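Peer 1: My questions are about this predicted structure, shown below with the sequence.
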Amino acid sequence: MKLKFLLSAGISFAVLACVLVQIADAQNRTVLNEAQRISGDQFTVVTRTPKGAYIYAVRQPSAEMLSAIDRGLSGLFEVARKNRYRSRLNYRDYTIYIAKADREKDSAGMYSPDIAVAAAQYTGTGYDKGGFIYAAGIVVALNPCAFMIAEHTKDLDRVANAVRYEGEHLVLYHNDRSRYSTTADHSKGGGHPILQ
């Protein structure tokens, strides 16, 4: 009798695990579709950073780019712990989409690979470039934690900073909703770093 119960429980756990995997796959497809909608890119490369963050990219990122992403997440987790936040502080909690840059240089001629996104709440602000803004990064989904940055070939400290800064929004969403609400949108002022 115990064996029958354990076998049926084992099958139930296997079915539950299968259902959870299917839910996660559907959730990941939804986030991937959103990232592709925002960027207009097809993310055909799937990999992970050395510390385990998930990466979807248009081209294979360099080892230096992947290390810069890990540095940014490490800095994020360190400052989050300093602020007594505990949730979503694992590399595997994050999915980063690496899109084609819509520009390589900013208006001052400095190297600044950015992505163009709809101006939305930034319409009419100094960021508005005619219905769109250039951004170093953008949150794609709050749960699961996903954001997008542009491809870089140099100045990888900028990558680490973009990762940390986009991650700040996600850490706040999962740890401090009030603070998240007041800092999620930069159109009314404020910027990064949010967490000190």
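Peer 2: Arrived safely.
Peer 1: all contacts plus neighbour counts: C-alpha atoms, from now on.
Peer 2: Noted.
Peer 1: so what's the closest residue to residue 48 other than its chain neighbours bridging to?
Peer 2: Ranked by CA to CA, 6 or more residues apart in numbering and with sequence neighbours excluded, the top spatial neighbour of residue 48 is residue 54, at 4.6 Å. Beta bridges link residue 54 to residue 48, residue 95 when assigned by DSSP bridges.
Peer 1: Just give the number of residues close to residue 54.
Peer 2: 18 (other CA atoms under 10 Å).
Peer 1: from what I can see it touches residue 90, true?
Peer 2: No. Using CA atoms under 8 Å, residue 54 is not in contact with residue 90; the gap is 11.3 Å.
Peer 1: List the buried residues of the lengthiest strand in the chain.
Peer 2: Counting by DSSP state E, the longest strand found in the chain is strand 111-118. Applying a neighbour-count criterion of 16 or more other CA atoms under 10 Å, the buried positions in strand 111-118 are 112-117.
Peer 1: and the residue nearest to residue 48, what does it touch?
Peer 2: By CA atoms under 8 Å, 6 or more residues apart in numbering, the contact set of residue 54 is 46-48, 92, 94-96.
Peer 1: now it: how far from residue 160?
Peer 2: Using CA to CA, to the nearest Å, we find residue 54 at a distance of 15 Å from residue 160.
Peer 1: and if you look at residue 115?
Peer 2: Distance from residue 115 to residue 160, by CA to CA: 16 Å.
Peer 1: where's the spatially most central residue of the chain relative to residue 107, distance?
Peer 2: Centroid-nearest residue in the chain, with CA atoms, centre = their mean: residue 147, separated by 2.3 Å. From residue 147 across to residue 107, the span is 24 Å (CA to CA).
Peer 1: What of residue 86?
Peer 2: For residue 86 relative to residue 107 (CA to CA), the value is 39 Å.
Peer 1: For these two, indicate the residue with more neighbours.
Peer 2: Set side by side, residue 86 and residue 107 show more neighbours around residue 86, with 14 against 7, by other CA under 10 Å.
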